[in-house]
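Novice: What follows is a predicted protein model with its sequence.
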Amino acid sequence: VSKVLYLDETTRGIVAQILSQSQALAQDIFLIHQLGLKMPPTVGHSDLSALSGVIFCRPTHANIEKIIQHLERPKHGKYYIFFSNVLEEPALSRLAHADQYDVVEQVQEVFADVYPINYDLWSLEQASQALYYEEEKLWIADNQQQFERELDGLTAFLLSVKKRPLIRWQKSSHFALKLAERVRDVIDTEKELFGWTEPDVKPLLLILDRREDPITPLLSQWTYQAMVHELLGIHNSRCKLQTDKKGEIVLNPFNDEFFANNKSVTFGDLGANIKKLVDRFSTQVKGSKNIHSMEDMQKFVENYGDYLAKQGNVSKHVAVMGELSSIVSRRKLLDISAIEQEIVCSNDWKRHFSDVERSIKDPSMADYDKLRLAMIYALRYQSKQKDKASELRTLLRTNVSDAEVLKLIPLLDVLLRHFGCHKREMDLFEEEKNDNIIGKLGKIAKIVNGMDEVQNIYTQHNPLLHHVLEKAVKRKLPISDFPAFQGTHKQQLRQPQYIIVYYIGGATFEEAEVVSQLNKHFGSQTEIVLGSGTIHNSRSFLEDVKNTFGRNLID
């Protein structure tokens, strides 16, 4: 039976991540429409009673009202209603009462309340994470509402994967504790929903706070997905190319095989892989020109849809690579990134200050990159009283002409004050000296068709999350840093088989890359999933910092 699928604003984004138009058609979905909006003119007053109405939405008060309007004047002979989270009993009673025509066939909770981004990464696509940089006493109603949304998302994810975890949170974070307590309360209240039998080794939920690692969001990125987000911005798997007038392109690992296989690949290898993709496609194109018989023609027509899809995919990745190459070259990002990595991975404040000073004075460097470099240096050497904040401020004011960047210079002091060494409890830089389980992610330099390969010097940095997860898997994560609730505080004796990391204040694609690499390393021994309210790049992170502390800045 053909269906009309009704979605709300949130579930529309969730479904778009995993259901393409062709897949929707294959499922006999005649139309996808937003719940509560008028039907498009093309459908108009058509009789839809022969089509089933499938509603998938969040169980909010507003959505319940919209569903009731449907049921009071049904357009469809049958309705199937699915909620992305827990439906309260009073709402269910209201729906039953409204179903006077007996058209509701099914009501079900499906616990799909997060946006899947990769197979081991999800987000809630929140516009901001600034509420977590604020003191709770300054929260307004919108902040509380957003916190509840993030709690809903996290608990729905636990229900979807059937995990009742041991909860541990970053001790230095008030909000990590607040979220941990609320998750525990939901699990205790919804005993029936969380009522399955747990394995001997409980899954682990780790709640981290962005304020403990302000460095990772500020760094240049060199793996495909992270790089696109830093330089172009990805939102719900969509990004806009500055040189493309066609609008948005989609970079989604669930329906783009090339992107799924290359999202973790470094910039230089990416160039080589895109060239292979183009070569494969051009071979197919040559093949399509050799049509000598009716059979050849039939075969070509049958495969034409696939041919067009491949053509679109090839041109898309070529366009993205072209744009990335242009930005890297224009902004001298290889030079900038080499200095960033040196600063965060070694200890030589004199040489590093000299490098930063030279870069800030260089008129060919982008003003925004000068600011990032100054922030990274100041955060790195603050604990050694060598942050040189006042000198950096003066250097920036003298050598920056972009009005927007000039306004952001006071954030240098804001970061030192609110994200600095005296606010952090874990060592952000020393763990770089430890041996990593999986070695460095970078590749040895080589020239690929004239494109500089990204060397290992550009991917030396390991986020704090890598250090935390290594310790968690080895059962060496100190209770003093990550406490647990009474009765569950004993260290697990065996390696956890499933770890959920929730990052309040926003995660990054570099951290998602850490999770992917550790998943490859551990195989079936330990599965790790990363979730957050948003996925930051440097601009969105600094925007949140500015929104939180902006009222204290002097223009």
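Specialist: Nice, thanks for sending it over.
Novice: now the stretch 201-350 of the chain, which segments are flagged as low pLDDT?
Specialist: 244-246, 284-310 (pLDDT under 70).
Novice: what about the strands in it?
Specialist: Residue ranges of the strands in the stretch 201-350 of the chain, as given by DSSP state E, counting those that start in this stretch, are 204-209, 238-240, 248-250.
Novice: pull the CA atoms of the first one into PDB?
Specialist: When you say that, I think you mean strand 204-209. Extracted in PDB, the C-alpha atoms of strand 204-209 (Å, rounded to 0.1, in the frame of the first residue of the first chain):
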ATOM      1  CA  LEU A 204      30.000   2.300  30.000                       C
ATOM      2  CA  LEU A 205      28.600   5.900  29.500                       C
ATOM      3  CA  LEU A 206      31.300   8.500  29.800                       C
ATOM      4  CA  ILE A 207      30.200  12.100  30.000                       C
ATOM      5  CA  LEU A 208      33.000  14.600  29.100                       C
ATOM      6  CA  ASP A 209      33.000  18.500  29.000                       C
END
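Novice: Check the offset of it from the chain's centre.
Specialist: A distance of 16 Å separates the centroid of the chain from that of strand 204-209, by C-alpha atoms, centre = their mean, to the nearest Å.
Novice: now the second one
Specialist: Between the centre of strand 238-240 and the centre of its host chain there is 14 Å, according to C-alpha atoms, centre = their mean.
Novice: Quick one: list the elements packing against that strand.
Specialist: The contact analysis (3 or more C-beta pairs under 8 Å, 6 or more residues apart in numbering; DSSP states H and E) places strand 238-240 against strand 248-250. Where C-beta positions appear, they are placed from N, C-alpha and C, glycine not excepted.
Novice: who touches the strand it packs on?
Specialist: Strand 248-250 is contacted by residues 237-241, 256, 316, 319-320 when judged by C-beta atoms under 8 Å, 6 or more residues apart in numbering.
Novice: try 10 Å this time
Specialist: 16-17, 20, 228, 232, 234-241, 256, 259, 312-313, 315-317, 319-320 (C-beta atoms under 10 Å, 6 or more residues apart in numbering).
Novice: now do stretch 514-521
Specialist: 118-121, 216, 223, 225, 263-264, 436-439, 441, 462-470, 473, 499, 501, 507-509, 526-530.
Novice: Any of those residues buried? List them.
Specialist: For the contacts of stretch 514-521, a neighbour count by 16 or more other C-beta atoms under 10 Å gives the buried set as 118, 120-121, 216, 223, 225, 263-264, 436, 441, 462-470, 473, 499, 501, 507-509, 526-530.
Novice: Keep only those of the residues you listed that are in helices.
Specialist: Applying DSSP state H to the buried ones among the contacts of stretch 514-521, the entries found in helices are 225, 464-470, 473, 509.
Novice: Would you check which pair of those lies furthest apart?
Specialist: Q225 and V473 (23.7 Å; C-beta to C-beta).
Novice: which stretches of this protein have low pLDDT?
Specialist: Applying pLDDT under 70 to the chain picks out residues 44, 244-246, 284-310, 430-455, 486-493, 551-555.
Novice: May I see the buried residues of the biggest helix by length in it?
Specialist: Using DSSP H, we find that the single longest helix of the chain is helix 304-330. Using 16+ other C-beta under 10 Å as the test for burial, helix 304-330 gives 307, 310, 313-314, 316-317, 320-321, 323-324, 327-328.
Novice: want to throw the residues you listed into JSON lines with distance to F482?
Specialist: Below are the buried residues of helix 304-330 laid out as JSON lines (distance: C-beta to C-beta, whole Å):
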{"residue": "Y307", "distance to F482": "52"}
{"residue": "K310", "distance to F482": "47"}
{"residue": "N313", "distance to F482": "43"}
{"residue": "V314", "distance to F482": "46"}
{"residue": "K316", "distance to F482": "42"}
{"residue": "H317", "distance to F482": "40"}
{"residue": "V320", "distance to F482": "38"}
{"residue": "M321", "distance to F482": "40"}
{"residue": "E323", "distance to F482": "41"}
{"residue": "L324", "distance to F482": "37"}
{"residue": "I327", "distance to F482": "38"}
{"residue": "V328", "distance to F482": "38"}
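Novice: From those residues, pick the one nearest N547.
Specialist: Among these, and counting by C-beta to C-beta, the member closest to N547 is I327, at 25.6 Å.
Novice: just checking, the closest one touches Q242?
Specialist: Yes. Contact criterion C-beta atoms under 10 Å: I327 and Q242 qualify, at 8.5 Å.
Novice: shared neighbours of those two, which are they?
Specialist: 231-232.
Novice: what residues are up against E88?
Specialist: Taking C-beta under 10 Å, 6+ apart, one finds 59, 61, 64, 94 in contact with E88.
Novice: Now the buried members of these.
Specialist: Buried among the contacts of E88 (16+ other C-beta under 10 Å): 59, 64, 94.
Novice: Name all residues that make contact with E72.
Specialist: Contacts of E72 by C-beta under 10 Å, 6+ apart are 98-101.
Novice: Of these - the most surrounded one?
Specialist: Neighbour counts for the contacts of E72 (other C-beta atoms under 10 Å) peak at D99, which has 19 neighbours.
Novice: Not counting its neighbours along the chain, what's nearest that one?
Specialist: L71 (5.2 Å; C-beta to C-beta, 6 or more residues apart in numbering).
Novice: Which element is encountered next along the chain beyond the host helix or strand of that neighbour?
Specialist: Assigned by DSSP states H and E, L71 falls within helix 61-72. Next along the chain after helix 61-72, taking DSSP H and E as the criterion, comes strand 79-83.
Novice: May I have the strands that pair with that following strand, each with its orientation?
Specialist: strand 52-57 (parallel), strand 104-109 (parallel) (DSSP bridges).
Novice: Count the neighbours of the residue nearest to V107 when sequence neighbours are not counted for me.
Specialist: Leaving aside its sequence neighbours, V107 sits nearest to I81 (C-beta to C-beta, 6+ apart; 4.8 Å). The tally of other residues near I81 (other C-beta under 10 Å) stands at 24.
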